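Peer 1: Provided below are the primary sequence and the corresponding predicted coordinates.
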Amino acid sequence: MFDYAFLILLLPFLSAIVLGLFGMKMPRKVAGIIGTCVVGMLFALSLYTAYRYFFYTGEYAAMGETFNVTDGRLASGVYPTVTTFNLTWLKFTELLTFNIGLRLSPISVMMLIVITTVSFMVHIYSFGYMAERDEHYKFEEYEHGFQRFYAYLSLFTMSMLGLVVATNIFQMYLFWELVGVCSYLLIGFYYPKHTAVHASKKAFIVTRFADLFFLIGILFFSFYVGTFNYDLNVNPGLVGKLTALAANPALAWVLPTALFLMFIGGAGKSAMFPLHIWLPDAMEGPTPVSALIHAATMVVAGVFQVASLLPIYVQFGAQEQLHWIAWIAAFTAFYAAAVACAQRDIKRGLAFSTISQIAYMLVALGVCFYDSRNGSFNSAEYLHHGGLGYMAAMFHLFTHAMFKALLFLCSGAIIVIIGSNFKEYMGGLHKYMPITNICFLIGCLAIAGIPPFAGFFSKDEIISACNALPGVEGQALKWIMTIVAGMTAFYMFRLYYVIFWGSSYYEQDPENRRRPQEVPFVMWGPLVFLAAVSVCAGWIPFGHFVSANGLNYDIHIDWSIATTSIIAAVIGIALATWMYAGKQQPVADALQRTFPRLHKAALNRFYIDDAWQFFTHKIVFRCFSIPIAWFDRHVIDGTFNFMAWGTQEAGESIRSWQSGDVRQYAVWFITGTVALTLVLLCLI
Amino acid sequence: MNYSDFFKMIPEASLVAILIVLFVADFATAKTEERRWFNPLASVLLLLNTFVCLLPMEAQTAFGGMYVTSSAVNVMKAILSMGTFIVVLQSRVWAAKGGKEGEFYMLIVSTLLGMFAMMSAGNFLMFFLGLEMASVPLACAVAFDMYRKNSAEAAAKFILTATFSSGVMIYGISFLYGEFGTLYFADVVAAKMQATPLTIMGLVFFFSGLGFKISLVPFHFWTADTYQGAPTTVTGYLSVISKGAAAFTLLSILFHVFGGIMVYWHVLLMIVVVLSITIANLFAVRQGELKRFMAFSSISQAGYIMLAAIGNDWANSVTALSYYVLIYIVANMAVFTIISVVEQNNGGKTNISDYNGFYRTNPRLSFLMTLAMFSLGGIPPFAGMFSKFFVFMSGVNGADINTTMGAWAYAVVFIALINTVISLYYYLKIVKAMYIVRTDNPLPAFRSDCNTKFALAVCMAGILLFGVCSFVYEWIAAAA
């Protein structure tokens, strides 16, 4: 039934190859249209796949396995995990193989929808955006920015899709690195700009550093478990192996350690404190890229990874590590929200907001737990307690992808019109850009968690999940997240007011400044689409499709929690309105004067970048790199130089053997034969 | 005599058919414009032959055990046939120059026929006949540019050394006959070979003869002179096809006939492999003439090929060896094709220093040359890295590091690894010449003919894909 599914990986791969190799010879339009059409097809394919996956009734087979489903569900009430193909790439032992395949599970189908929707919108939007921005940066004659951009986008889409349909952790890692490369290429897209080059290097080095831990985690896992597979539903043997490993007191440390090491990789990609430093700088890339990669898809790879491994975390003794994740994420959420309140660059503000929102998802995953008093893993009861966070995290991932992509694309529209990222050059835009204004407002309402917009539902589930965690921990997390929700509302509306209201930069000097205007249809079309999705997405019965153990979960709103978070959001919005809505902003300025240090610290991201700089330059470089470099320069190079010299000399000295004299050759031949015979005869 | 046995020799029969077609075509065409079709005809026929070799065939014997076939042999035949296809494809311009292309293609196909017979032999005499059947036309091919002094000299050296080595080999075979009273492989196996002085001498003398073909040290001395003097196309053919066939035969006979005294030939191989890789590298480092340089490179590569035989599992070793040969064919043929076109377009320039600044005038060719060099040096993700990996894996397969032999196997693989690093040095010297060394008069830009382009495209696809696409390896492994 999913025989066509390989196209989901093949099509973007082909388009990346075609655009990458021949794009430069095509007119811009053709290259753009090829990329967009392919992603459009992928979008259609994903929707079709989701429809078949969730609503099919009947029997189908995939990879020799038969599934008998009613409305997509097996007789046990869960959605099946369908592997449509699984090619063995390298085989070490019967179990330990490198496979490349495609596997559909509820979350991977959901991710397919998220990725292709946002990617499709971004492809369309980029027609307008990149054409406009290309003129700002003069590329050399042979560098065709537009075509290159679409080639990278296709490559990224392929890699991200490959990541979410991975059949094993190694495939995930492979595509994980590929998305990292795409991110690097796209952040540094405007390479004549030094800041872009630095940002791309920073992003690559930081995430690569984190990925090292991911790889070590994978090696630990595969060494002790003996396989790269992680899906408990598909690999019956895996449960036994993991149980044995967890039960063995001498090796009980293995799984938690491996999982946490993998999480560090995820924390790098998902920009968790203190590895978040690359994401704000990544905003040097084109804005559509920020929307696609650094808001909706790649940065949630860490969340997706933890969610994929969650059954192992919960069932095999890594609860502790989950709680660490929750606390790291909660701190990140708070920290990023605080920094976001003071940013001047609108894209950086959004970037910190992204960090904060991803942290929400990881908090939700971190509060998952298992308590045997509330029934088994496969009971519906589990979904209301320990497993709620899983559903909440995925739900928030889904809604956040939509409204954050919307917000980024709106900011892109503004940047195209204004020609700058800084809020000082904006203000009063609601008159000139009505559609963008409405869309941005919808995005803000959604992220602030105002009903009936999408963010409200998912955020409410996350706070409920915190509440479900018994003990002080759960309550503490619940209140932290509620406060962060209030801060979110505040900084988003601060951003909204300074962009669209307040005093207009243009009107201060209308003679000499460019008059802002609405963006063309190819740009506002995607905005409207995403805005519509952001309005409706909350009403999707998400728990019906995705839940911790696959059973149906009816989302119900816990009004005592919802009311608190709505109040927090409203207070945040009110505060922002009071401080920033007017032409002048006396309160904000007064605050800035009263607490200059705090403001400066927040503007400078609480000096975390400087701390890293200090750590790497002063400590790592001085204490390790310089001695190692000396050792390398003198001892290792010396050894190799000596070897090279020796090789050269030896080569010189045996030259005469090759004399060109055939008689001499025959002598050597027979000498060699006789010598070898003698050696062997000695062995008898 | 049972004539139906001929049906079991499909790859050979198909080659004979090709020979006949080429022979008739050579007679029938007199005018130059008619001969334009000669090269495409030969290429297509060889390509078809590759597919014929791929036809599924059971392992069986024919003619009372003289002829033995198995799926592993057929895979190797297909690989060699494909290699010959590349050789023929890129030889068009050179072969057409003297108006004797018919002769050349027939010589090449007859050597291939000899090699096929040698690989499928089930008897030492049959094996020897195959070997000679391949050697004699090969000597003619080496002398093909006979009015060039080098070519004739190369052929003379080749034929003299070949005769000499054949003599040594026959001598070795006679020892074996003395010991067992039979030349049939199956009977020798049935006689349960023991390590007597006679068998050991037989083994080493026999080994020397094939060692000459594969150009292992110390039987390699002819290689540099012959490679340098022979027409470049023939050098390419010698370095990949002839070597691959001989290596496969050696491996097969060692495992299947000398299986009883495996420890002894393991020792023999270890010595010879270490010598080949190391000494050839030392020579290659100092070479300034590209074809001579490639000769030493090929001796070193021969060492790597035979490394596969140090393992103790036939299936593993044969897979690693065949895979290595396949990858080596595409990478080495890419290099020789480029040498050949450069030579044709620039009046026979083959020094490494002639390639200085090549990148400026011929960026595509230099890029492909770089890929080929990377593959030969074993840099990932090109195919050469995978083939080296599997050969190393095969070399230590079944070796227990706690036993003396096991420890030696690991030591040999380790030495081979170090030599890989040294080999990078000289492979990258070419890359450096093309990209980095500045010169005022680089080779002028030229366009190569479409056949060459096609051959290069095939090689490039092989270099890029044969490693990463694991099914190539899996396919060879399945046949083993």
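Peer 2: Thanks, I have it. All figures in this text were calculated on a predicted structure; none of them were measured in a lab.

Peer 1: Residue numbers of the stretch 151-300 of chain B in contact with chain A?
Peer 2: B:156-157, B:160-161, B:164-165, B:168, B:195-197, B:200-201, B:203-205, B:207-208, B:212, B:217-219, B:221-222, B:224-225, B:263-264, B:267-268, B:271-272, B:279, B:281-283, B:285-286 (C-beta under 8 Å from any C-beta of the partner chain). Any C-beta I mention is one placed from the backbone N, CA and C, and that applies to glycine too.

Peer 1: what do you get if the cut-off is 6 Å, keeping everything else the same?
Peer 2: Residues of the stretch 151-300 of chain B lying close to chain A (C-beta under 6 Å from any C-beta of the partner chain) are B:157, B:160, B:164, B:195, B:197, B:200-201, B:204, B:208, B:218-219, B:221, B:224-225, B:264, B:282, B:285-286.

Peer 1: measure the residue in the stretch 451-600 of chain A positioned nearest to chain B to residue A:4 for me?
Peer 2: Closest contact between the stretch 451-600 of chain A and chain B, by C-beta to the nearest C-beta, is at residue A:550 (32.9 Å). Distance, residue A:550 to residue A:4, by C-beta to C-beta, to the nearest Å: 24 Å.

Peer 1: Those two: which has the busier surroundings?
Peer 2: residue A:550 (21 against 13; other C-beta atoms under 10 Å in any protein chain shown).

Peer 1: Please identify which helix or strand holds the more buried one.
Peer 2: In the assignment (DSSP states H and E), residue A:550 maps to no helix and no strand.

Peer 1: Pull the contacting residues for it.
Peer 2: A:78-79 (C-beta atoms under 6 Å, 6 or more residues apart in numbering or on different chains).

Peer 1: Ok, residue A:115 next?
Peer 2: Contact analysis of residue A:115 by C-beta under 6 Å, 6+ apart lists A:160, A:297.

Peer 1: just the one 5 residues further on next, same as before
Peer 2: With contacts taken as C-beta under 6 Å, 6+ apart, residue A:120 has the following neighbours: A:39-40, A:43.

Peer 1: where does the stretch 301-450 of chain B have low pLDDT?
Peer 2: Applying pLDDT under 70 to the stretch 301-450 of chain B flags no residue at all.

Peer 1: next one: the stretch 301-450 of chain A
Peer 2: A:374-375.

Peer 1: the strands in it, which residues?
Peer 2: Applying DSSP state E, counting those that start in this stretch to the stretch 301-450 of chain A gives no strands.

Peer 1: Then the stretch 51-200 of chain A?
Peer 2: Under DSSP E, counting those that start in this stretch, the stretch 51-200 of chain A gives strands at A:58-62, A:65-69, A:82-91, A:97-104.

Peer 1: Tell me which of the ones you listed sits most buried.
Peer 2: Among these, ranked by average contacts under mean count of other C-beta atoms under 10 Å in any protein chain shown, first place goes to strand A:97-104 (a mean of 21).

Peer 1: Could you check how many residues crowd around residue A:636?
Peer 2: That count, for residue A:636 with other C-beta under 10 Å as the rule, works out to 11.

Peer 1: ditto for the one 3 residues further on
Peer 2: A count of neighbours around residue A:639, defined by other C-beta under 10 Å, yields 10.

Peer 1: The helix or strand hosting it and chain B, any residue contact?
Peer 2: Residue A:639 is part of helix A:637-653 when elements are defined by DSSP H and E. Yes: counting by C-beta under 6 Å from any C-beta, chain B has neighbours in helix A:637-653: A:647, A:650-651.

Peer 1: Check which helices and strands that helix sits against.
Peer 2: Helix A:637-653 is packed against helix B:262-285, with contacts defined by 3 or more C-beta pairs under 6 Å, 6 or more residues apart in numbering or on different chains; DSSP states H and E.

Peer 1: Which strands or helices does the helix it packs on pack on?
Peer 2: helix A:637-653, helix B:290-307, helix B:404-435.

Peer 1: What is the distance between the second one and the centre of its chain?
Peer 2: Between the mean C-alpha point of helix B:290-307 and the mean C-alpha point of its chain there is a distance of 10 Å (C-alpha atoms, centre = their mean, to the nearest Å).

Peer 1: One more: the first one?
Peer 2: How far helix A:637-653 lies from its chain's middle: 49 Å, per C-alpha atoms, centre = their mean.

Peer 1: buried sites along it?
Peer 2: By neighbour count with 16 or more other C-beta atoms under 10 Å in any protein chain shown, helix A:637-653 contains the buried residues A:647, A:650-651.

Peer 1: ditto for stretch B:472-479
Peer 2: Of the residues in stretch B:472-479, B:472-474, B:476-477, B:479 count as buried by neighbour count, 16+ other C-beta under 10 Å.

Peer 1: which residues are in contact with stretch A:463-481?
Peer 2: Against stretch A:463-481 from outside (C-beta under 6 Å, 6+ apart): A:330, A:364, A:367, A:385, A:388-389, A:392, A:558, A:561, A:565.

Peer 1: wait, which of the buried residues of stretch B:472-479 is closest to chain A?
Peer 2: residue B:474 (7.5 Å).

Peer 1: on that earlier part again, looking at the buried residues of stretch B:472-479, which are in helices?
Peer 2: B:472-474, B:476-477, B:479 (DSSP state H).

Peer 1: Could you dump these into TSV and include distance to chain A and pLDDT?
Peer 2: Converted to TSV, these look like this (distance: C-beta to the nearest C-beta, whole Å; pLDDT from 0 to 100):
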residue	distance to chain A	pLDDT
B:472	12	85
B:473	9	86
B:474	7	83
B:476	14	87
B:477	9	86
B:479	16	83
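
Peer 1: mind putting these in a markdown table, distance to residue A:546 included?
Peer 2: What follows is these, written out as a markdown table (distance: C-beta to C-beta, whole Å):
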| residue | distance to residue A:546 |
| --- | --- |
| B:472 | 40 |
| B:473 | 39 |
| B:474 | 36 |
| B:476 | 44 |
| B:477 | 41 |
| B:479 | 46 |
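
Peer 1: Check the closest residue to chain A within the stretch 1-150 of chain B and give its pLDDT.
Peer 2: Nearest residue of the stretch 1-150 of chain B to chain A: residue B:150, at 11.4 Å (C-beta to the nearest C-beta). On pLDDT, residue B:150 comes in at 81.

Peer 1: burial count for it?
Peer 2: Based on other C-beta under 10 Å, the number of other residues close to residue B:150 is 16.

Peer 1: Run through the residues that contact it.
Peer 2: residue B:229.

Peer 1: my read is it is in a helix, agree?
Peer 2: Yes: counting by DSSP: H, G, I helix; E, B strand; the rest coil, one finds residue B:150 located in a helix.

Peer 1: Now the stretch 151-300 of chain B against chain A: closest residue?
Peer 2: For the stretch 151-300 of chain B, C-beta to the nearest C-beta, closest residue to chain A: residue B:218, 3.2 Å.

Peer 1: which of the residues in stretch B:10-17 are buried?
Peer 2: Those buried within stretch B:10-17 under the rule 16+ other C-beta under 10 Å are B:10-12, B:14-15.
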